[in-house]
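Undergrad: sequence-free structure coming up:
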Ligand SMILES: Cc1cc2nc3c(=O)[nH]c(=O)nc-3n(C[C@H](O)[C@H](O)[C@H](O)COP(=O)(O)OP(=O)(O)OC[C@H]3O[C@@H](n4cnc5c(N)ncnc54)[C@H](O)[C@@H]3O)c2cc1C
Ligand code: SF4
Ligand code: FES
Ligand code: FES
């Protein structure tokens, strides 16, 4: 870790003022990703602006029947919030599938969205990595790439976004509220994270001087028919190889509305709106789910060590959609997959 | 350790930060200390306050050996800077026993032979104290899942779970 200055933001305006004043400065919230990367010399901010005490810890109901989640609500508080448990159990389940109880106590809603990839070359400053050092090359493409992406990759980068929570937020059509020097704006969840393209150093469409203030959930929570299924090398405390957020609205066995988002397969939570649209009006059965899996994975492409993810994702999608349809979501403590 | 001389892109030297004075209440006692911003809570406890019961396993949030309670919640002390915790109430493994009597969890760990080398144990104990306070676990599966942030290289897991169950039952009765 290298020398840096530290200051606590007194309010939102102060945080924005401080970030604008020092190029390269970073906000710190829970610290569980940034401190890790600073210890590895991957992140080298000259100044940290501590936002952890800003008053962004509320979960409030919106006029539109949804919820507004403050950017500093800890992941554990969110997962166990009565309104989340009751109306958005898919989100609660995805959060509880991630990290550990200690880390969830520390991690913030905003920080979870902006956590960086777990690509091992990104972490290893002795290797080339276009995300860490633009133009240096991608060590993963022809290196060990078992955990890497199968969708939306580019020649420059094949990293995945590691968050579980974000997969559920993508499926739920959340929105991200942001404040910046010229005021506030709202991004759809699909617009927050980017594909790597030729600029993998940019994970998201936020500017360096913008701050996430809240995440908004729409009214529709799919509380009756959902499942978050996470497949990983250990049963707990490990990042996803593949994860699936599945949510359905059913009427007499026919699908009225369907959501399907994948984690661990791309640079952002992966959705395919036409795969979802094709499920509408169809019976909630394996044949329908298999067609959806084929559609969302149509352009999937494996590398030397991760081609197994394509079949793994296919099976996980079928299973998660079946669990959702049956109203028997995957338990995050009893690990048997039924 | 942090290197102190560092330049901005425009060549200007980034000054070494002043140490920042913070107050913590550690195991019930008020403590004041001046720390550079890069000192983690873990290093402040071990190196500055001499509380070496809290262990550094990985220093990257991956093992749970450094688990302490901050304002009653379990966290990884290696993943937060001490300056960020100014004003906090910290409980470490040294603060679990009361007036010479072991904490029910400590007694249960002894009763169930829930440790071998002991290097994960202080983290396991603080984590289990946090787990019980959260009140989210009752079954064996739930205990295992919500204790998964604490690795034990000696593999004492079954006995750790049994010890936690005992402490939970004693607390309920
Ligand atoms: C061992 C380990 C295992 C893990 N396993 C999982 C897992 O299985 N699944 C999973 O999903 N996650 C996992 N995580 C990641 C964890 O969820 C993230 O580290 C955490 O959510 C980040 O939140 P934070 O508040 O600590 O972020 P910080 O580290 O404080 O910040 C992360 C980034 O976001 C920026 N930032 C933070 N808040 C804001 C804001 N409001 N506005 C603008 N910028 C902001 C910071 O500048 C920084 O760049 C794991 C982490 C560890 C260490
Ligand atoms: S996959 Fe992306 S993050 Fe990993 S080495 Fe290549 S450029 Fe870097
Ligand atoms: S030392 Fe903190 S989690 Fe390993
Ligand atoms: S007792 Fe040795 S690591 Fe747990």
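TA: Thanks, I have it. Just so it is clear, the structure is predicted and the values come from calculations on it, not from any experiment. Numbers count the residues shown, from 1 in each chain, chains lettered A, B, ... in the order given. Ligands and ions are numbered 1, 2, ... in the order given.
Undergrad: Check whether stretch A:229-236 comes near ligand 1.
TA: No. Stretch A:229-236 stays clear of ligand 1 (C-beta under 6 Å from any ligand atom), getting no nearer than 7.6 Å. The C-beta positions use only the backbone N, C-alpha and C, and glycine is treated the same way.
Undergrad: as a whole number, average confidence for that stretch?
TA: The average pLDDT within stretch A:229-236 is 97.
Undergrad: got the contact list for that stretch?
TA: A:94, A:97, A:100, A:164, A:238-244, A:246, A:263-264, A:312, A:316, A:319-320, A:323, A:330, A:335, A:337, B:144-145, B:148 (C-beta atoms under 8 Å, 6 or more residues apart in numbering or on different chains).
Undergrad: if I look at residue B:108, how far off is residue B:128?
TA: Computed as C-beta to C-beta, to the nearest Å, the residue B:108 to residue B:128 distance reads 9 Å.
Undergrad: neighbour count winner among these two?
TA: Between residue B:108 and residue B:128, counted using other C-beta atoms under 10 Å in any protein chain shown, residue B:128 has the larger neighbour count: 31 against 24.
Undergrad: Below-threshold pLDDT in chain B: ranges please.
TA: Counting by pLDDT under 70, chain B has low-confidence residues at B:1-5, B:8-9.
Undergrad: Quick check: closest non-adjacent residue to residue A:16.
TA: Leaving aside its sequence neighbours, residue A:16 sits nearest to residue A:181 (C-beta to C-beta, 6 or more residues apart in numbering or on different chains; 6.1 Å).
Undergrad: what number of residues lie near the one you found?
TA: 11.
Undergrad: Isn't it up against residue A:21?
TA: No. In this structure residue A:181 lies outside contact range of residue A:21 using C-beta atoms under 8 Å: 10.9 Å.
Undergrad: give me the number of residues near the residue of the stretch 201-338 of chain A at minimum distance from ligand 3?
TA: With C-beta to the nearest ligand atom, the shortest gap between the stretch 201-338 of chain A and ligand 3 falls at residue A:237, namely 10.6 Å. For residue A:237, the neighbour count with other C-beta under 10 Å is 20.
Undergrad: what sits against it?
TA: A:99-100, B:148-149, B:151.
Undergrad: Repeat that for residue B:33.
TA: Per C-beta under 8 Å, 6+ apart, neighbours of residue B:33: B:21-22, B:24, B:44, B:48-49, B:82.
Undergrad: Let's see that with 6 Å instead.
TA: Contacts for residue B:33 (C-beta atoms under 6 Å, 6 or more residues apart in numbering or on different chains) come out as residue B:48.
Undergrad: So it belongs to a helix, correct?
TA: No. Applying DSSP: H, G, I helix; E, B strand; the rest coil, one finds residue B:33 to be strand, outside a helix.
Undergrad: how close does it get to residue B:83?
TA: Applying C-beta to C-beta to residue B:33 and residue B:83 gives a distance of 10 Å.
Undergrad: residue in the stretch 101-250 of chain A nearest to ligand 4?
TA: residue A:237 (15.0 Å).
Undergrad: tell me the strands in chain B, going along the chain?
TA: B:6-7, B:13-14, B:20-26, B:29-35, B:67-70, B:73-76, B:89-91 (DSSP state E).
Undergrad: and among those, the most buried is which?
TA: Of all the strands of chain B, strand B:73-76 carries the top mean neighbour count, a mean of 28, counting by mean count of other C-beta atoms under 10 Å in any protein chain shown.
Undergrad: Please state the offset of that strand from the chain centre?
TA: Chain-centre distance of strand B:73-76: 6 Å, with C-alpha atoms, centre = their mean, to the nearest Å.
Undergrad: That one vs ligand 3: in contact?
TA: Yes. Using C-beta under 6 Å from any ligand atom, strand B:73-76 reaches ligand 3 at residue B:76.
Undergrad: Is there proximity between that strand and chain A?
TA: Yes. Applying C-beta under 6 Å from any C-beta of the partner chain, one finds strand B:73-76 in contact with chain A at B:73-76.
Undergrad: Count the neighbours of residue A:126 for me.
TA: With other C-beta under 10 Å as criterion, residue A:126 counts 6.
Undergrad: And residue A:152, by the same measure?
TA: By other C-beta under 10 Å, 19 other residues sit near residue A:152.
Undergrad: Show me what the closest residue to residue A:34 other than its chain neighbours bridges to in the sheet.
TA: Ranked by C-beta to C-beta, 6+ apart and with sequence neighbours excluded, the top spatial neighbour of residue A:34 is residue A:28, at 5.4 Å. With DSSP bridges applied, residue A:28 shows beta-bridge pairing to residue A:50.
Undergrad: any idea how far residue A:28 lies from residue A:15?
TA: For residue A:28, the distance to residue A:15 - C-beta to C-beta - is 11 Å.
Undergrad: Nearest to residue A:212 among the strands of chain B would be which one?
TA: Comparison of those against residue A:212 by C-beta to C-beta identifies strand B:73-76 as nearest, at 21.7 Å.
Undergrad: And the strands in chain A?
TA: A:5-8, A:26-28, A:47-50, A:59-61, A:67-70, A:175-180, A:183-188, A:211-217, A:226-231, A:242-251, A:254-263, A:270-271.
Undergrad: Ranking those strands by mean neighbour count, which comes first?
TA: It is strand A:226-231: most buried of the strands of chain A by mean count of other C-beta under 10 Å, with a mean of 27.
Undergrad: Return the residues of the stretch 201-338 of chain A in contact with chain B.
TA: A:236-237, A:333-334.
Undergrad: and which of those is nearest residue A:79?
TA: Scanning these for proximity to residue A:79, where the rule is C-beta to C-beta, the winner is residue A:333, at 12.6 Å.
Undergrad: So how do I select the buried members of the contacts of stretch A:229-236 in ChimeraX?
TA: In ChimeraX syntax, the buried subset of those is picked out as below (16 or more other C-beta atoms under 10 Å in any protein chain shown):
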select /A:94,97,100,164,239,240,241,242,243,244,246,263,264,312,316,319,320,323,330 /B:144,145,148
